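[1] Structure, please.
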Amino acid sequence: MLTARRLKPSSEALRSRSFHFRNATNVRYILPRQHGGWDILKSQRTPDRWVTTMRAQTIPPLHRPPDEDTRSDAIRREASTLFPLPSPGVDDTIRTPILAKGKEATVTDVNGTAYIDFTAAAGSLILGYTDPRVAVAINKAVSKGCNVGSPTQTEIRLAEMIVRHVPGTDKVRFVNDRTAAIRYALTRARRHTGRQRVLAFRPDASWESDPVLLPQNDIETVRRAFHDHGSTLAAAVVQPIVDTFGPIPPSDGFLGALRARCDENDCLLVFDETATTMRLGFGGAATLFNVTPDLTVLGAALGGGLPLAACSGRCEIMDNVEPPIVATDHLASSVILPALAAGVATLETLSEPDLYPILGKRAVRLDQGLRGAAQAAGIETQHRQLTSMVGIYFASQPTDPHSGITQCDTRRFSMWWNAMLQRGVYLPPSPSSCLFVSTAHTDDDIDRTVEAAHDALKDLR
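    Numbering: from 1, shown residues only. Okay, the predicted model is just below:
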C-alpha cells in the first residue's frame, strides 16, 4: 500500500530544473502547482513505489507574456528575491499576471489590462469579485473589530444556516482553513471510535502522515481495504466530487458502498467538500447523491473567499471530548469575523430562486463552446462539466487524478494558457484544475471566452 510522503527537490535540482521523485503521489502533488510546465521523461512502477523523472519546460517566446511588460517584470523580479522558487507567477515556467484588483467576473493586472477570470480564487468566489452584498457585510464587520474574542451573533447565524441545509449536521466548528477543518474532523473521529488510522482517496493527503490510500471510485479496493484494516480505521475521508482533473463525480454506487462499509466497521464517513463548497447546492454532495456522511468539511467559499472553513456533524460526534478540554481553538473563528459576515451574505444571496439553474446553464454553455472550439481545431482534448465547474484537458483519453498528469500534454497546456491570456482570458494556471463559473459571469463573458478559445486552439495546431 502506497503511503503519501511529500519530497522536496534538492537545491541542485532546482538550479538544473530537472527533478526525480519517488512515489506517484508526490508527482501529483508537485506537478499541478508548477502550472503544467513539466515534461514527463519517464514514469516506472517498482515493487513498492512509482519513480517518475521530469524536466521543466521552456515555453517558446511567442507564447509568453509581452517582454515590454516592464512594471510586471519589475514586481516579479522583486518577488523572486522574497519568495522561494519555483513560485506561481514568479518563475519562467508560466508567468501569471501581477493582479491589482478584481470586480465581478474580471481581474485587472498592474498595467490596467483586464481579463475574464475563471479561477475564482480556486473556486471560492462563487458570487465573483466584490459582490456588493458581501462587500457591505465585510465592511460592517471590520468596523466592529476583526477579533472580539468570543462567540458572536454573526457566527451563530452562519452556523444556523449550515445546520439547516447540510444533511447530518447538528453542530458546527469554524476554523481558518481546510487543513485545520480536516484535522478537527479526524480528532473528533478518533475520539469517537478510539481508533487512529484514516482511509483517504485524495492523492495529496497532506493532513495525514500515514493514510490508507485508495483510488477513487473503485468499490472493490474499498472492500479489500476494510477487510484488511477495518478494525483500525477511525474515518474514511472522501472528496465526493474530485476536483483534480475533474470535476469527476462518484461512480454509480460508490458513495453508497463506502457508507455501508463504514457502518459495518463502526468507521466514520467524512465528506471533504472544501473544493466544491456551495458549488453543488446548499445541501452539497449529501443532497445531490443521497448519501449522508457523519462529518462534513467545508472550505473558503463558505466565507465568500476569505479564510474560513468548517467541520459539521452530529452532536454525539462533535461533543465527544474526553477528558473535557477548553475549546481555545474557538478563537480561530472570532479572528475572522469579517469572513463569517461574508459567509452569511453569501449564503443569503445563494438562496435566491433560480440562481443555481442559471449558474449551471452558463457552465454548460462554456463547456459546449470549448468542446466545439477543440473539435474545430482538430485537437484532442478531454472535457468534463458538473454544476458550475468545467474541465478541459489536452489528452487523447479520459484523465483521472491518479494518472492524469502523465496522460496530459502539459506543454500544449502551457501554450494554450498563455494564448488565452493574450486574448484576455485568465484560466487556472494548472493542467489539473477546473474552470469555475460564478454568478458574475454573463452570457457575453462566456461567448467572448469561446471566441478566444477558437482562435487560441487554431494557433496550437
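[2] how about the strands of the stretch 301-450 of the chain, start to end?
    Using DSSP state E, counting those that start in this stretch, the strands of the stretch 301-450 of the chain run over residues 309-313, 382-386, 389-393, 425-426, 435-436.
[3] Tabulate those (a markdown table), appending mean pLDDT.
    Shown next, in a markdown table, are the strands of the stretch 301-450 of the chain (pLDDT from 0 to 100):
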| stretch | mean pLDDT |
| --- | --- |
| strand 309-313 | 96 |
| strand 382-386 | 94 |
| strand 389-393 | 95 |
| strand 425-426 | 97 |
| strand 435-436 | 97 |
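[4] Make JSON lines out of those and add mean neighbour count and distance to Tyr356.
    No exception for glycine: its C-beta is placed from N, CA and C like everyone else's. JSON lines is the format used below for the strands of the stretch 301-450 of the chain (neighbours: other Cβ atoms under 10 Å; distance: least, Cβ to Cβ, whole Å):
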{"stretch": "strand 309-313", "mean neighbour count": "27", "distance to Tyr356": "20"}
{"stretch": "strand 382-386", "mean neighbour count": "19", "distance to Tyr356": "12"}
{"stretch": "strand 389-393", "mean neighbour count": "24", "distance to Tyr356": "13"}
{"stretch": "strand 425-426", "mean neighbour count": "22", "distance to Tyr356": "24"}
{"stretch": "strand 435-436", "mean neighbour count": "24", "distance to Tyr356": "14"}
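[5] okay, now the closest residue to Arg183 other than its chain neighbours: neighbour count?
    With sequence-adjacent residues excluded and distances taken as Cβ to Cβ, 6 or more residues apart in numbering, Arg183 is closest to Trp207, at 5.7 Å. Around Trp207 there are 21 other residues, counting by other Cβ atoms under 10 Å.
[6] Can you give me every residue that contacts the nearest residue to Gly256 once chain neighbours are set aside?
    Spatial nearest neighbour of Gly256, excluding adjacent residues (Cβ to Cβ, 6+ apart): Val291 at 5.8 Å. For Val291, the contact set (Cβ atoms under 8 Å, 6 or more residues apart in numbering) comprises 255-256, 258-259, 285.
[7] Now the buried members of the residues you listed.
    Using 16 or more other Cβ atoms under 10 Å as the burial test, these include 255, 258-259, 285 as buried.
[8] among those, which are in helices?
    Residues from those lying in helices, with DSSP state H as the criterion: 255, 258-259, 285.
[9] So which of the residues you listed is the closest to Ser143?
    Ala285 (36.4 Å; Cβ to Cβ).
[10] Tell me the predicted confidence for the closest one.
    Note for Ala285: predicted pLDDT of 95.
[11] What is the top helix by length along the chain packed up against?
    Ranked by residue count, the top helix of the chain under DSSP H comes out as helix 355-377. With contacts taken as 3 or more Cβ pairs under 8 Å, 6 or more residues apart in numbering; DSSP states H and E, helix 355-377 sits against strand 382-386, strand 389-393, helix 443-459.
[12] Check which residues of it are buried.
    Burial within helix 355-377, assessed by neighbour count using 16+ other Cβ under 10 Å, is assigned to 356, 359-360, 362-367, 369-371, 373-374, 377.
[13] leaving aside the residues next to it on the chain, what's closest to Arg261?
    Nearest residue to Arg261, sequence neighbours excluded (Cβ to Cβ, 6+ apart): Phe226, at 4.6 Å.
[14] From the chain's centroid, how far away is whichever strand or helix holds that neighbour?
    Taking DSSP states H and E as the definition, Phe226 sits inside helix 219-229. Centre-to-centre, helix 219-229 and its host chain are 27 Å apart (Cα atoms, centre = their mean, to the nearest Å).
[15] ditto for stretch 450-461
    For stretch 450-461, the distance to the chain centre is 26 Å (Cα atoms, centre = their mean).
[16] The residue nearest to Thr193 when sequence neighbours are not counted in helix, strand or coil?
    Using Cβ to Cβ, 6+ apart and skipping residues adjacent in sequence, the residue nearest Thr193 is Ala234, 4.6 Å away. Following DSSP: H, G, I helix; E, B strand; the rest coil, the label given to Ala234 is strand.
[17] coming back round to it: which single one of the ones in helices among the buried ones among the contacts of Val291 is nearest to Asp117?
    Nearest member of these to Asp117, counting by Cβ to Cβ, is Ala285, at 25.6 Å.
[18] How much space separates the closest one from Leu85?
    37 Å (Cβ to Cβ, to the nearest Å).
[19] And Ile116, which helix or strand is it part of?
    Going by DSSP H and E, Ile116 is part of strand 114-117.
[20] How about Val107, nearest residue that isn't a chain neighbour?
    In space, and not counting its chain neighbours, Val107 is closest to Asp117: 4.5 Å by Cβ to Cβ, 6+ apart.
[21] okay, and for the stretch 201-350 of the chain, where does confidence drop off?
    202-206, 321-335 (pLDDT under 70).
[22] where along it do the helices fall?
    For the stretch 201-350 of the chain, helices defined by DSSP state H, counting those that start in this stretch occupy the ranges 219-229, 254-264, 284-289, 315-318, 331-334, 337-350.
[23] what about stretch 409-423, distance to the chain center?
    21 Å.
[24] Please apply the same query to stretch 347-354.
    Distance of stretch 347-354 from its chain centroid, counting by Cα atoms, centre = their mean, is 23 Å.
[25] Which residue is the nearest non-sequential neighbour of Ala200?
    Pro211 (4.0 Å).
[26] how about the most centrally placed residue in the chain, what does it touch?
    The residue lying closest to the centre of the chain (Cα atoms, centre = their mean) is Ala275, at 3.9 Å. Taking Cβ under 8 Å, 6+ apart as the contact definition, Ala275 lies against 122-123, 239, 241, 243, 299.
[27] mind redoing it with 10 Å?
    If a contact means Cβ atoms under 10 Å, 6 or more residues apart in numbering, then Ala275 has 122-124, 178, 202, 239, 241-244, 246-247, 299-301, 389, 433-434, 436 as its contacts.
[28] related to what we said a few turns ago, from Gly128, how far off is the residue nearest to Gly256?
    Taking Cβ to Cβ, one finds Val291 at 31 Å from Gly128.
[29] follow-up on the earlier one: give me the number of neighbouring residues for the residue nearest to Arg261.
    21.
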